[in-house]
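*Asks:* what would the 3D arrangement of this be:
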Amino acid sequence: MPTSLTSIVCEGGDGLDQHQLISRIGYKLCYPQLFTHLKRRSEEAQAATLEFGKEDSKRWLKVLNDYWLGIKKYLCGDQITIADYFAVGLVTVK
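*Replies:* Next comes the predicted model:
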């Protein structure tokens, strides 16, 4: 059973690490900024969440660059897929 979007569109993908990438960057950095229902109750908690998300995202973006993109043109190989479009959305949030 696929554990992530990239596992669904990439045959033989490393589902656990891809799920972690999406979870860490999405839920700890992007989503608290984009979705009001995921924003923390206090500004202090929100700032701490985003700071943690930024630091954690640096590690996962290095994995994305060095491991997945470092050996192939796109996340799933030589052709662009929905996984690439989804990842672009995550990595372009400031």
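*Asks:* give me the average confidence score over the helix or strand containing K62.
*Replies:* Using DSSP states H and E, K62 sits within helix 43-63. Averaging pLDDT along helix 43-63 gives 91.
*Asks:* doesn't P32 fall inside a helix?
*Replies:* Yes: counting by DSSP: H, G, I helix; E, B strand; the rest coil, P32 is part of a helix.
*Asks:* and the residue positioned nearest the centre of the chain, what helix or strand is that in?
*Replies:* In the chain, the residue lying closest to the centroid (C-alpha atoms, centre = their mean) is I22, at 3.2 Å. Element membership of I22 [criterion: DSSP H and E] is helix 15-22.
*Asks:* just checking, the residue nearest to the centre of the chain touches L90?
*Replies:* Yes: counting by C-beta atoms under 8 Å, L90 is a contact partner of I22 at 7.0 Å. Heads up, the C-betas are built off the backbone N, CA and C, glycines and all.
*Asks:* farthest residue from the center of the chain?
*Replies:* Outermost residue of the chain with respect to the C-alpha centroid, by C-alpha atoms, centre = their mean, is S42; its distance is 24.6 Å.
*Asks:* confidence-wise, which helix or strand of the protein is lowest on average?
*Replies:* In the chain, no helix or strand scores lower on mean pLDDT, DSSP states H and E than helix 5-9, which sits at a mean of 44.
*Asks:* wait, T81 touches L75, no?
*Replies:* Yes: counting by C-beta under 8 Å, L75 is a contact partner of T81 at 6.9 Å.
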